[in-house]
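sequence plus the predicted model coming up.
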Amino acid sequence: MNEDPRFFALIIGTEILNRRRSDKHFDFLTDELLRRGYKLAGSFTIEDDPALIVHTLKFLASQPRSVVFSFGGIGSTPDDHTRKAAAIALGDGELVTHPEAREIIQRRIEAMKIPNGRYPLRMAELPRGAKLITENPVNGMPAFYLEDRFFFVPGFPQMSHPMLRWVLDTIFTGEKKPYHRFTLTALCRESELIDVMESLPKDVELSSLPKIYSDGPRVSISVASRDEEAARNSFGRFIDELEKKKIPYSINDER
């Protein structure tokens, strides 16, 4: 990809939505991406519904330069729908036995003396063309990916997080300039600064967070860009406007 990939998280699990389990993936993924000079474009948490998984994957695949990290639903129980959904949304709709995955799973079944071993072997049934992610330090069972864009890992953080670190360190290895971020807090309403906001270049990321306190309104303004000069110039426009209007502000130590 000549331009930056747009990363998305797809967190699949009814148990997260009904609060039987807390999500551990969003914070992990945003931190890992930021550490490498990337950012998350979107995050979706959905229940274990086959049609919903298919439609969500199709939507994410339609987004320009999308890369999807999908958590959960690749196991062997009846509520694990992600392997089949991935085949429908991204392939020919069929699951085929992946010989290397079957061999790995068979070895793990024998080593761990797993009863009813025919069920874990279902995890070797993958969308056609799948490649394996084997960096699972917990039980050695593989995950998979398609087209170097769609990555499917277990819902358990102890398994999935090392796998995704491997993905990021192995597949997304291009040298990236860091984001240059500048932030201030001004003692005014954000409406005072909308003219400046609308004048910023499109390649400068803007965040405006209004706040109301007992002593009056405040707004936190943050600009960021891989182009440090563009970020500084955009930030300077806000400072110029605040000083022209004699609005008090403070610059935050945030990069």
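Perfect, I can see it now. Residues are numbered from 1 along each chain as shown.

can you give me the helices for the stretch 101-250 of the chain?
Applying DSSP state H, counting those that start in this stretch to the stretch 101-250 of the chain gives helices spanning 157-170, 194-199, 228-244.

adding distance to residue 120, mean pLDDT and mean neighbour count, write those out as a markdown table.
Just so you know, the C-beta spots here come from the backbone N, C-alpha and C atoms, and that holds for glycine as well. Shown next, in a markdown table, are the helices of the stretch 101-250 of the chain (distance: least, CB to CB, whole Å; pLDDT from 0 to 100; neighbours: other CB atoms under 10 Å):
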| stretch | distance to residue 120 | mean pLDDT | mean neighbour count |
| --- | --- | --- | --- |
| helix 157-170 | 14 | 97 | 18 |
| helix 194-199 | 54 | 96 | 12 |
| helix 228-244 | 50 | 96 | 16 |
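
compare these and give me the one nearest residue 127.
Smallest distance to residue 127 across the helices of the stretch 101-250 of the chain (CB to CB): 17.0 Å, for helix 157-170.

please export the C-alpha coordinates of stretch 213-223 as PDB.
Below are the C-alpha coordinates for stretch 213-223, written out as PDB (Å, rounded to 0.1, in the frame of the first residue of the first chain):
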ATOM      1  CA  TYR A 213     -17.000  23.700  34.300                       C
ATOM      2  CA  SER A 214     -18.600  25.700  37.200                       C
ATOM      3  CA  ASP A 215     -16.400  28.700  36.200                       C
ATOM      4  CA  GLY A 216     -17.200  28.600  32.500                       C
ATOM      5  CA  PRO A 217     -16.500  26.800  29.200                       C
ATOM      6  CA  ARG A 218     -13.300  25.300  28.000                       C
ATOM      7  CA  VAL A 219     -12.200  23.600  24.800                       C
ATOM      8  CA  SER A 220      -9.300  21.300  24.300                       C
ATOM      9  CA  ILE A 221      -7.800  21.600  20.700                       C
ATOM     10  CA  SER A 222      -5.400  19.000  19.400                       C
ATOM     11  CA  VAL A 223      -3.800  18.900  15.900                       C
END
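
flag every buried residue along it.
218-223 (16 or more other CB atoms under 10 Å).

tell me the buried residues in stretch 45-62?
45-46, 48, 53-54, 56-57, 60-61.

now, those residues that are in strands?
Judged by DSSP state E, the subset of these located in strands is 45-46.

assign residue 27 to helix, strand or coil.
Taking DSSP: H, G, I helix; E, B strand; the rest coil as the rule, one finds residue 27 in the helix state.

brain fart, residue 96
Classified using three-state DSSP, residue 96 is strand.

number of residues surrounding it?
Other residues near residue 96 number 15, with proximity taken as other CB atoms under 10 Å.

now the one 10 residues further on
Residue 106: 14 surrounding residues under other CB under 10 Å.

can you tell me the closest non-neighbouring residue to it?
residue 121 (6.9 Å; CB to CB, 6 or more residues apart in numbering).

ok, that neighbour to residue 128 distance?
18 Å (CB to CB, to the nearest Å).

check what pLDDT the closest residue to residue 47 other than its chain neighbours gets.
Closest residue to residue 47 apart from its sequence neighbours, by CB to CB, 6+ apart: residue 14 at 4.3 Å. Looking at residue 14, its pLDDT is 92.

let me see the contact set for residue 14.
Counting by CB atoms under 8 Å, 6 or more residues apart in numbering, residue 14 makes contact with 47-48, 79.

repeat the analysis, applying 10 Å as the threshold.
Going by CB atoms under 10 Å, 6 or more residues apart in numbering, residue 14 touches 20-21, 46-49, 72-73, 79.

restricted to helices, list those residues.
With DSSP state H as the criterion, helices contain none of those.

among the buried residues of stretch 213-223, which are in strands?
Per DSSP E, the subset of those in strands is 218-223.
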